[in-house]
Structure formats: C-alpha cells, structure tokens
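> Okay, predicted coordinates and the sequence, questions at the end:
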Amino acid sequence: MIHRTGRVLLIYTGGTIGMGINPKNGLLEPLDFKELVERMPELKEIPAGVDVHQFPQPIDSSDMNPRLWARIVEILVGHYDRYDGFVILHGTDTMAFTASALSFMLENLTKPVILTGSQLPITRLRTDGRENLITSIEIAAAHYPDGRPRVPEVCIYFSGKLLRGNRSTKMNSEGFNAFDSFNFPHLADAGVNIVFHDELILKPDYTRPMTPHFAMDTGVIVFTLFPGIEEDTVRYLLDSPHLRAIVMRTYGSGNAPQLPWLIKALSEATARGIVVINITQCAAGPVEMARYSGGFMLHSAGVTSGFDGTVECAIAKLMHLLAHYNDAKEIRRLMNLALCGEISPSIK
Ligand code: ASP
C-alpha cells in the first residue's frame, strides 16, 4: 500500500494561462496565480487539496532554459514526499521541450508530473485554461485502490488528450488542440469520463527512489536539410568549437541528398566523436535508414537513427546524456535505447 497525502502541487512557471492584459499597453503579462486559484471555487470540488508554488518571475516559455529545468526539478524534489502528484503550468511554446527534459531528469519517477497551459488566459470568458487545469489536477490525483498513481510519468495534458511528454509536439499556434503525439497513442482521453489507456503507461520500480538529475550540456544543435544546402554552411556548423551533437532533420524515412561532400563532412564529424542523430522532418512515421540508399549512406557515415522520436525529445535527451557521459559510443548506444518510452527502437 502506497502512502497518499491527498494533495497536488501546482507549479506556476508562466505562460498564457496565467496572463492578463496590462491596461497601459494592451500586452499580455503574468498575473499572480495564487490569487487566481483562490478565486476559482470549482477547485474546491476536486477531491484533492491543491497548493500553489509560483516562480518568483513567471516567464513566457520562449525564455525557458536548462537552468530553469533544473530549478523545476529542485522544486519537485523539495516537495516530492508531501504531494501525490504535480501539475506544472507552462507556456505552450516550449512545453514539449520541458516535458522531454523532465522525463530524463526525473529517473524512475513514481508520481504524476502533468504539464499544461492554455491558448487563452484563464481570466478570459472563452478560455481553454479552466478545463486543462482542472482535468490535469484530476489526472495528477488519480490512483488505484492500493494508492499507486494512475499515471507516474511526465505528461502533457491539453484539450482532452493526455500525452507522454517526451512524445509530444506543439502542432497548432491558434487552435485549442495545440498538442499531439504523432508516433505514440494518447495515454488517456478526457470526454465525459477520463479513459486511461493503462497498458501504455510506464510502470516505475516503487522499491527504488526517484533519482533526480540536474546537469544538462547544451553543446547541441538542430540542423534541417533542404534542397540546395551548401557545403560551406554545413562545414561551418560541424566545426563549431563547443558542438558535441547534432539533431539532423532529414527527409521522409531518414534520407539525405547523395552529395559526396555531405557524406565526407558527416563521416569526419562522427569519427571525431560528434553524435549525429537522424530525425525525420515528417510529423509522423519513423526513420528507417536501411530503406533507401540516401538513408543508408548516412548510416555508413556514422549517423545514428532517432527512430520515431521527436526533435524536442532528441535535443533534451542529448543534453542529458552529454552531461553524464563523455564517450560518444556510449551516448549513441543510449540514444538507441528507450530510457523512458521516448522511442520505439524495434523499428530498423
Ligand atoms: N508565448 C506563450 C508561452 O509559451 C504562449 C503560451 O503560453 O501558450 O509562454
């Protein structure tokens, strides 16, 4: 039987959900979320007590960075035993990056960490924030009769869908349906009832504690292939002094133009220990480097498959692994393993 505290902690980092219009300049600015929550009577109906922890300076999530991820991990660690689950209110712009990063920074997570936000501020009449917030709290508090949480994972809840955080992508800057996980099914769907797809949800080892990680190495870049890409540009990028890893966004199932200089430049980079991860530019479907010669050449140049993972997740996972390992071979090996459900490595 797992001990439950009956409480959920709401961590407000910023984002549209908690913003209001500054009457002086008409711009959206962060409000005091503690006050807002006190003015939401519907929260009292949720069968879990809710406390609020607010960033001293709430941010637009465009300003999110690895230092602030470590700060979120510190807050979670500091409150871990006192809460059954956590809801993180976060701007939508970089929410998929933060969710991916936290999934690696919170090893063997035994409690729900649900990120949510909204497209319209919670104070607006047509807001999507109320439903997103209330359902996220319900999901963070949901548990089995023996006390085990229903969703001990880092997730994004948005517009009726519970998504694995490290599989999510922001796909719409306007519609309420802002997120999806194109290569992995939803963990739950919220309609009249919240229907959990339990067979898909990660099962932690409850006999071991959650292990937090704080370090991230930012020697990473994303580089997108396009017809007409120039050798000089690619060489300049590959020679950057602090670069340790590249997420290369390729065509279709992981293909690249068969340009001898490109293959040579990539082979030289991988031989000197740069980790190059192949992620497709397509929103859905995996990389299969053995399918076309344009993909197989990348494989021969030492490029590592990113399988069906997202760019956001590849970046976060690389930052985490680079901070913990020096050996490029070991980093490539771990990039090909699912550490917390982020890829499906059975696809070749
Ligand atoms: N720019 C805002 C942010 O990401 C957008 C949002 O919250 O949806 O913080």
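Right, received. Where do you want to start?
> So what touches stretch 177-197?
92, 95-96, 119, 135, 138-139, 142, 150-151, 153, 155-164, 167-172, 200-201, 283-286, 308-310, 341, 344 (C-beta atoms under 8 Å, 6 or more residues apart in numbering). For the C-beta atoms, the positions are set from N, CA and C on the backbone; glycine is no exception.
> Could you turn the buried ones of those residues into a ChimeraX selection?
Per 16 or more other C-beta atoms under 10 Å, the buried members of the contacts of stretch 177-197 correspond to this ChimeraX selection:
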select :92,95,96,119,135,138,139,142,150,151,153,155,156,157,158,159,160,161,162,163,164,167,168,169,170,201,286,308,309,310,341
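> Output the lowest-mean-pLDDT helix or strand in the chain as PDB, restricted to C-alpha atoms.
When the helices and strands of the chain are compared on mean pLDDT, DSSP states H and E, helix 33-38 comes out lowest with a mean of 80. Coordinates of each C-alpha in helix 33-38 appear next as PDB, following Å, rounded to 0.1, in the frame of the first residue of the first chain:
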ATOM      1  CA  PHE A  33      -1.600  32.700  -9.900                       C
ATOM      2  CA  LYS A  34      -2.000  32.100  -6.200                       C
ATOM      3  CA  GLU A  35      -4.700  34.800  -6.100                       C
ATOM      4  CA  LEU A  36      -6.300  33.400  -9.200                       C
ATOM      5  CA  VAL A  37      -6.600  29.900  -7.700                       C
ATOM      6  CA  GLU A  38      -8.100  31.400  -4.600                       C
END
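> what's the distance between M171 and S181?
M171 sits 10 Å away from S181, going by C-beta to C-beta, to the nearest Å.
> so what's the residue of the stretch 201-348 of the chain found nearest the ligand up against?
Residue nearest to the ligand within the stretch 201-348 of the chain: E312 (13.4 Å; C-beta to the nearest ligand atom). Counting by C-beta under 8 Å, 6+ apart, E312 makes contact with A96, F97, S100, N166, S168, T169.
> Need those in JSON lines (columns: secondary structure, distance to the ligand and pLDDT).
Below are these laid out as JSON lines (DSSP: H, G, I helix; E, B strand; the rest coil; distance: C-beta to the nearest ligand atom, whole Å; pLDDT from 0 to 100):
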{"residue": "A96", "secondary structure": "helix", "distance to the ligand": "11", "pLDDT": "98"}
{"residue": "F97", "secondary structure": "helix", "distance to the ligand": "11", "pLDDT": "98"}
{"residue": "S100", "secondary structure": "helix", "distance to the ligand": "15", "pLDDT": "98"}
{"residue": "N166", "secondary structure": "helix", "distance to the ligand": "18", "pLDDT": "98"}
{"residue": "S168", "secondary structure": "coil", "distance to the ligand": "14", "pLDDT": "98"}
{"residue": "T169", "secondary structure": "strand", "distance to the ligand": "14", "pLDDT": "98"}
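> Where does the residue of the stretch 201-348 of the chain closest to the ligand fall, secondary structure wise?
Using DSSP states H and E, E312 falls within helix 311-324.
> tell me the average confidence for whichever helix or strand comes after that helix?
For helix 311-324, the succeeding helix or strand toward the C-terminus, using DSSP H and E, is helix 328-335. Mean per-residue pLDDT for helix 328-335: 98.
> in helix 328-335, what counts as buried?
A328, I331, R332, M335.
> got it, and stretch 290-301?
Buried, per 16+ other C-beta under 10 Å, within stretch 290-301: Y292, G294, G295, F296, M297, L298, A301.
> same question, stretch 185-193
Of all the residues in stretch 185-193, those buried under the rule 16+ other C-beta under 10 Å are H186, L187, A188, A190.
> I'd like the C-alpha coordinates of it written as CSV, please.
Provided in CSV are the C-alpha atoms of stretch 185-193 (Å, rounded to 0.1, in the frame of the first residue of the first chain):
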residue,chain,number,x,y,z
PRO,A,185,-1.1,6.8,-28.8
HIS,A,186,-2.7,9.0,-26.1
LEU,A,187,-2.2,7.8,-22.6
ALA,A,188,-5.8,9.0,-21.7
ASP,A,189,-8.7,10.7,-23.4
ALA,A,190,-10.9,13.0,-21.4
GLY,A,191,-14.5,13.3,-22.5
VAL,A,192,-17.5,12.8,-20.2
ASN,A,193,-15.1,10.4,-18.4
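> Show me how far that stretch is from its chain's centre.
19 Å (C-alpha atoms, centre = their mean, to the nearest Å).
> what residues are up against the one residue in the chain that gets nearest to the ligand?
Evaluated by C-beta to the nearest ligand atom, the chain has G91 as its residue closest to the ligand, separated by 1.9 Å. For G91, the contacting residues are T13, G14, G15, T16, I59, D60, S61, S62, M64, G117, by C-beta under 8 Å, 6+ apart.
> Near the ligand, which residues of the chain? Just list them.
G14, G15, T16, D60, S61, S62, G91, T92, D93, G117, Q119 (C-beta under 6 Å from any ligand atom).
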